[in-house]
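Visitor: Got a sequence here, can you model it:
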Amino acid sequence: MIDLGLVVARLLHYTAVTTLAGVAFFPLYAYAFGEPKELSRRRLAVVLAAAVGALLSGLLWFVCSVANMGGAWADVADPETLWTVLNETTFGGVWMARMLLAVLIVGVTVVRAFWMGLAGRDLVTAFLAAGLLASLAGTGHAQIDEGWTNIVHVASDAAHLLAAGAWLGGLVPLGFILLNYSMRGGEPIVDVDRILLRFSRMGYVAVATLVVSGLVNSWFMVGSVSSLLTTLYGQILLGKLALFAAMLALAAANRFWLVPRMTESREPAVWLGRLRHHVLGEQFLGVAILLAVSILGAMRPAIGQ
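Guide: Just a heads-up that it's a prediction; the model follows:
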């Protein structure tokens, strides 16, 4: 039960932080000018919900981690065990810093209405969200490495996380925009075609980063084709790669088939419906990938087995 709780807590936290980062990054590349107020209000509500979710799921993750390290749920109430986890483990130190950062993001989001006029407000939120997401690299298997390998592994993990957040989390505000386009009968408050193209360009960078960093991480965690095929860790990783390939196929269909047809068609609503379904499919596959990552994070790496 402790292992299951740990996987669930990690999944909830990964989902919340990935959503938070992607939604915070979105206005930095999606709009040529300022973000429309109506969309900004919706996005701000999602940012706040995701930040609160990250904080609560982070607390749950800590509880499950303490129980896992102590061997029983009762250890969560043991002051000595709590002190040991917080002060004598890398996870404890990183966890405290991350929770402080989550609280800061919640505070900044809540008071944002009072400083809407300040330049760079989206940069502040995006920077904090990026730090919260990238710092997950300090809680994973990269900590078992030493010296330069630790630096490379942590940096690769952080790049992987940021790219995944930009893509997966960015699907949420993109979905809002497509829904708004549909409800307004083809008269959106933003240029949907341009936003879709900008999202695709960001996607190119995200996918390239995911592929390169994924290869680096696999070298550290798997080590060989034999380990990839014969260990449970490697087999779950293969499942994750299959889900990633399916997401990539949907994204390619959006970019090279649905978006051009929607732009050229006299009845864009038909193609818009298909596009919304594809975006929903990407989101579903993304959650499945996060589940695989949550399971892998609780397992012993394939290398050395």
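
Visitor: Please enumerate the helices of the stretch 201-305 of the chain.
Guide: Using DSSP state H, counting those that start in this stretch, the helices found in the stretch 201-305 of the chain span residues 225-230, 232-253, 259-264, 268-297.

Visitor: The first one - what's its average pLDDT?
Guide: Helix 225-230 comes out with an average pLDDT of 85.

Visitor: so what secondary structure elements neighbour it?
Guide: helix 232-253 (3 or more CB pairs under 8 Å, 6 or more residues apart in numbering; DSSP states H and E). (Each C-beta comes from the backbone N, C-alpha and C, glycine too.)

Visitor: Turn the helices of the stretch 201-305 of the chain into JSON lines, including distance to Tyr31 and mean neighbour count.
Guide: JSON lines is the format used below for the helices of the stretch 201-305 of the chain (distance: least, CB to CB, whole Å; neighbours: other CB atoms under 10 Å):
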{"stretch": "helix 225-230", "distance to Tyr31": "42", "mean neighbour count": "14"}
{"stretch": "helix 232-253", "distance to Tyr31": "21", "mean neighbour count": "17"}
{"stretch": "helix 259-264", "distance to Tyr31": "17", "mean neighbour count": "15"}
{"stretch": "helix 268-297", "distance to Tyr31": "18", "mean neighbour count": "18"}
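
Visitor: In terms of mean pLDDT, which of those ranks lowest?
Guide: helix 259-264 has the lowest average pLDDT among those, namely a mean of 77.

Visitor: That helix - contacts with which helices or strands?
Guide: If you count contacts as 3+ CB pairs under 8 Å, 6+ apart, helix 259-264 packs onto helix 192-221, helix 268-297.

Visitor: Relative to Glu88, which of those is closest?
Guide: Nearest to Glu88 among these is helix 268-297; the distance by CB to CB comes to 20.6 Å.

Visitor: And the closest one, how far out from the chain middle?
Guide: Centroid separation for helix 268-297 versus its chain: 13 Å, with CA atoms, centre = their mean, to the nearest Å.

Visitor: Over to stretch 217-230?
Guide: Worked out by CA atoms, centre = their mean, stretch 217-230 lies 24 Å from the chain centre.

Visitor: would a markdown table of the helices of the stretch 201-305 of the chain with distance to Ala67 be doable?
Guide: Formatted as a markdown table, those follow (distance: least, CB to CB, whole Å):
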| stretch | distance to Ala67 |
| --- | --- |
| helix 225-230 | 30 |
| helix 232-253 | 23 |
| helix 259-264 | 47 |
| helix 268-297 | 16 |
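
Visitor: thinking again about what came up before, any chance of the helices and strands packed on helix 259-264 in CSV, plus distance to Met247?
Guide: Formatted as CSV, the helices and strands packed on helix 259-264 follow (distance: least, CB to CB, whole Å):
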stretch, distance to Met247
helix 192-221, 9
helix 268-297, 5
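
Visitor: ok so, going back, figure out which of the helices of the stretch 201-305 of the chain is closest to Val103.
Guide: Among the helices of the stretch 201-305 of the chain, helix 268-297 sits nearest to Val103 (CB to CB), with 23.0 Å.

Visitor: What helices and strands are in contact with the closest one?
Guide: helix 2-30, helix 170-183, helix 232-253, helix 259-264.

Visitor: quick one: contacts of stretch 252-267?
Guide: With contacts defined as CB atoms under 8 Å, 6 or more residues apart in numbering, stretch 252-267 is touched by Asp193, Leu196, Leu197, Ser200, Gly203, Pro268, Trp271, Leu272, Arg274, Leu275, His278, Val279.

Visitor: isn't the last one right next to Val172, touching?
Guide: What that stands for is Val279. No - with contacts counted by CB atoms under 8 Å, Val279 stays clear of Val172, the gap being 9.5 Å.

Visitor: dump the residue contacts of Val205.
Guide: Ala163, Ala166.

Visitor: Name the spans of the stretch 1-150 of the chain whose pLDDT lies under the cut-off.
Guide: For the stretch 1-150 of the chain, the stretches with pLDDT under 70 are 113-121, 141-147.

Visitor: What are the boundaries of the helices in it?
Guide: So, for the stretch 1-150 of the chain - with DSSP H, counting those that start in this stretch - the helices run 2-30, 37-70, 79-88, 90-110, 121-134, 147-164.

Visitor: For those, could you give me CSV that also reports mean neighbour count and distance to Met247?
Guide: Below are these laid out as CSV (neighbours: other CB atoms under 10 Å; distance: least, CB to CB, whole Å):
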stretch, mean neighbour count, distance to Met247
helix 2-30, 23, 13
helix 37-70, 19, 20
helix 79-88, 13, 35
helix 90-110, 17, 27
helix 121-134, 20, 18
helix 147-164, 18, 10
